[in-house]
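Participant: need a 3D model of the following:
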Amino acid sequence: MKAEFINPFLESARTVIEQMVQIRPSTGQLTIKDIQLIDHHVWIQIGLTGQMTGNIVFGLSEEVALKMISAMMGGFVITEIDEIGQSAISELGNMISGNASTMLYNQGVHVDITPPRVMRAGSLEQLTVSRALAVPLIMEGIGEMEIQVLIA
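Facilitator: Residues are numbered from 1 along each chain as shown. Okay, here's the model as predicted:
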């Protein structure tokens, strides 16, 4: 795994979150960690194909997801993650990954992304990679969203 694979996703996430949620996230410490899919969290998985194969997984607690969905919907209070909420949060992951794949393409790395999948701990399929590069994005007043890069 190369740490530079995560940089386009971090840069894209900061830009997209700032546009959609009106908060500029700060970046936490890069770590290599065992993948742990935690209860009461929402996971947005985007597959990567081409010169980079694997997955990008955005993980956030349900509480943080509700706050982000609410901000994306103009401040309307959201109390549960329904179909519209799942669509909104998956689109956030899609926008981040799409922008990052464009950045990678501009660096000479050709990569395509798959449509996002929103997952919960009880419905997760086994991922083929057990370790990931992980970086938390800290959003003042909202919480954290972790970006995990699982490159095969």
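
Participant: for the rest of this, base every contact and every neighbour count on C-alpha atoms.
Facilitator: Noted.

Participant: where do the helices of the chain begin and end?
Facilitator: 7-21, 62-72, 83-106 (DSSP state H).

Participant: deepest of the ones you listed, which one?
Facilitator: helix 62-72 (a mean of 21; mean count of other Cα atoms under 10 Å).

Participant: now that one: mean pLDDT?
Facilitator: Mean pLDDT, taken over the full extent of helix 62-72, equals 94.

Participant: and if you look at stretch 43-59?
Facilitator: For stretch 43-59, the per-residue pLDDT averages 92.

Participant: excluding chain neighbours, give the residue nearest to residue 113 in space.
Facilitator: residue 48 (4.8 Å; Cα to Cα, 6 or more residues apart in numbering).

Participant: please produce a markdown table containing the helices of the chain, extended by distance to residue 27.
Facilitator: Converted to a markdown table, those look like this (distance: least, Cα to Cα, whole Å):
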| stretch | distance to residue 27 |
| --- | --- |
| helix 7-21 | 8 |
| helix 62-72 | 16 |
| helix 83-106 | 15 |
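
Participant: mind checking which of the ones you listed is nearest residue 151?
Facilitator: helix 7-21 (13.1 Å; Cα to Cα).

Participant: just the CA trace of the closest one, in CSV.
Facilitator: Extracted in CSV, the C-alpha atoms of helix 7-21 (Å, rounded to 0.1, in the frame of the first residue of the first chain):
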residue,chain,number,x,y,z
ASN,A,7,-4.1,11.9,-0.8
PRO,A,8,-6.5,12.5,-3.7
PHE,A,9,-9.4,11.1,-1.6
LEU,A,10,-8.4,13.4,1.3
GLU,A,11,-8.2,16.4,-0.9
SER,A,12,-11.4,15.6,-2.6
ALA,A,13,-13.2,14.9,0.7
ARG,A,14,-12.2,18.2,2.2
THR,A,15,-13.5,20.0,-0.9
VAL,A,16,-16.7,18.1,-1.3
ILE,A,17,-17.6,18.3,2.4
GLU,A,18,-16.9,22.0,2.5
GLN,A,19,-19.2,22.5,-0.5
MET,A,20,-22.0,20.1,0.7
VAL,A,21,-21.9,20.5,4.5
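
Participant: that'll do, ta.
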